[in-house]
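# got a predicted model here, sequence first, then my questions.
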Amino acid sequence: MRVIKARELTKTYGRGEGRVEALAGVSLDVEPGEWVSVVGPSGSGKSTLMNLLGLLDRPTAGSYVLDGREVSGLKGGELARARRDLIGFVFQSYNLLPRQSARKNVELPLVYAGTRGAERRKRALGALEQVGLSDRAGHRPPELSGGQKQRVAIARALVSRPAMLLADEPTGNLDTRSGEGILNLFGQLNASGVTLIVVTHDPEVAQRGDRIVDIRDGRVFADEKSRGLGVAE
């Protein structure tokens with residue numbers, strides 16, 4: 001079963017002469033365990049596509065099946081629950097609570113899901129171990145480097161065991177060495193079966209995935225295999 005099966009996704013804003021078509025019939029399939037990089041120039045529609053795939057917005061038309069469930073028509077609480085349960089988000093800005101420990105930041109999605117305290121702690125510590133930060137569980141974000149903060153954010157995205165991780169410019173705020181560490185971590189997670197959608201403007205980041213989907217003028221301009229750089233030595 002495909003993780004993503006999107007057909008003819010369209011998104012328009014405004015009406016009449018002010019009508020803008022941000023996406024014009026995008027279709028996309030993503031298989032379990034695949035790493036798909038989404039690229040495109042500013043204004044191409046890649047951010048709109050990310051918002052639709054992440055259930056942060058709803059399409060004007062089209063079908064979106066996520067992990068076997070049609071989600072394009074969901075509203076309100078159903079939409080929020082699907083977003084919480086099926087998608088782990090990683091953003092350029094880490095969006096961590098500065099006064100909370102790394103572990104408590106990772107626990108947040110489980111708090112919203114109503115998971116009990118002992119189970120929350122166990123799963124949060126497991127996620128931190130998965131990203132190589134078990135020894136920083138008690139540290140607050142101001143005590144962590146940029147790369148470590150992004151690893152905490154990735155652990156938070158993983159803790160709900162989502163169908164996929166959706167990452168928007170995940171190395172954008174990092175220096176070269178820290179960014180390389182995050183990309184290597186993504187490669188390791190992907191090798192373990194985690195499905196990744198990475199939106200990026202950086203061609204080197206894009207080449208780390210299995211496929212590169214190039215969005216231009218609201219359409220899929222190209223969908224090709226990458227060079228598959230994977231985990232750097």
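Okay, I see it.
# ok, longest helix in this protein?
Longest helix of the chain, by residue count under DSSP state H: helix 176-191.
# that helix packs against which elements?
With contacts defined as 3 or more Cβ pairs under 8 Å, 6 or more residues apart in numbering; DSSP states H and E, helix 176-191 has these neighbours: helix 146-158, strand 196-199. Every residue, glycine included, has its C-beta placed from N, CA and C.
# adding mean pLDDT, distance to Leu165 and mean neighbour count, write the ones you listed out as a markdown table.
Output for the helices and strands packed on helix 176-191, formatted as a markdown table (pLDDT from 0 to 100; distance: least, Cβ to Cβ, whole Å; neighbours: other Cβ atoms under 10 Å):
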| stretch | mean pLDDT | distance to Leu165 | mean neighbour count |
| --- | --- | --- | --- |
| helix 146-158 | 94 | 5 | 24 |
| strand 196-199 | 95 | 5 | 25 |
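# with distance to Arg99 as extra columns, can I get the ones you listed in CSV?
Shown next, in CSV, are the helices and strands packed on helix 176-191 (distance: least, Cβ to Cβ, whole Å):
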stretch, distance to Arg99
helix 146-158, 14
strand 196-199, 30
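# out of the ones you listed, nearest to Gln207?
Comparison of those against Gln207 by Cβ to Cβ identifies strand 196-199 as nearest, at 10.9 Å.
# contact partners for the most centrally placed residue in the chain?
Nearest residue to the geometric centre of the chain (Cα atoms, centre = their mean): Leu166, 1.1 Å. Contact partners of Leu166, counting by Cβ atoms under 8 Å, 6 or more residues apart in numbering, are 50, 53-54, 87-90, 197, 199.
# among the helices and strands packed on helix 176-191, which is nearest Tyr13?
Among the helices and strands packed on helix 176-191, strand 196-199 comes nearest to Tyr13, with 19.5 Å by Cβ to Cβ.
# where do the helices sit along the protein?
Assigned by DSSP H, the helices in the chain fall at 46-53, 76-86, 102-113, 117-130, 146-158, 176-191, 203-206.
# now those as TSV including distance to Arg7?
Supplementary listing: these in TSV, determined by distance: least, Cβ to Cβ, whole Å:
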stretch	distance to Arg7
helix 46-53	12
helix 76-86	18
helix 102-113	29
helix 117-130	33
helix 146-158	26
helix 176-191	25
helix 203-206	24
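# tell me the one among the contacts of Leu166 nearest to Lys122.
Looking across the contacts of Leu166 and measuring by Cβ to Cβ, the closest to Lys122 is Gly88, at 17.9 Å.
# number of nearby residues for that closest one?
By the measure other Cβ atoms under 10 Å, the count of residues near Gly88 is 26.
# which residues sit in contact with it?
Taking Cβ under 8 Å, 6+ apart as the criterion, Gly88 is in contact with 156-160, 162, 164-166.
# please apply the same query to Gly172.
By Cβ under 8 Å, 6+ apart, Gly172 lies in contact with Gln92.
# any idea how far Phe89 is from it?
Gly172 sits 14 Å away from Phe89, going by Cβ to Cβ, to the nearest Å.
# burial of Ser47, as a residue count?
Neighbourhood size, Ser47 [other Cβ under 10 Å]: 17.
# leaving out chain neighbours, which residue sits closest to it?
Val199 (7.2 Å; Cβ to Cβ, 6 or more residues apart in numbering).
# same check on Leu97?
Asn105 (5.7 Å).
# go on, Arg177?
By the measure of Cβ to Cβ, 6+ apart, the closest residue to Arg177 outside its immediate chain neighbours is Gly147, 7.7 Å from it.
# was I right about that neighbour contacting Leu174?
Yes - with contacts counted by Cβ atoms under 8 Å, Gly147 reaches Leu174, the gap being 5.9 Å.
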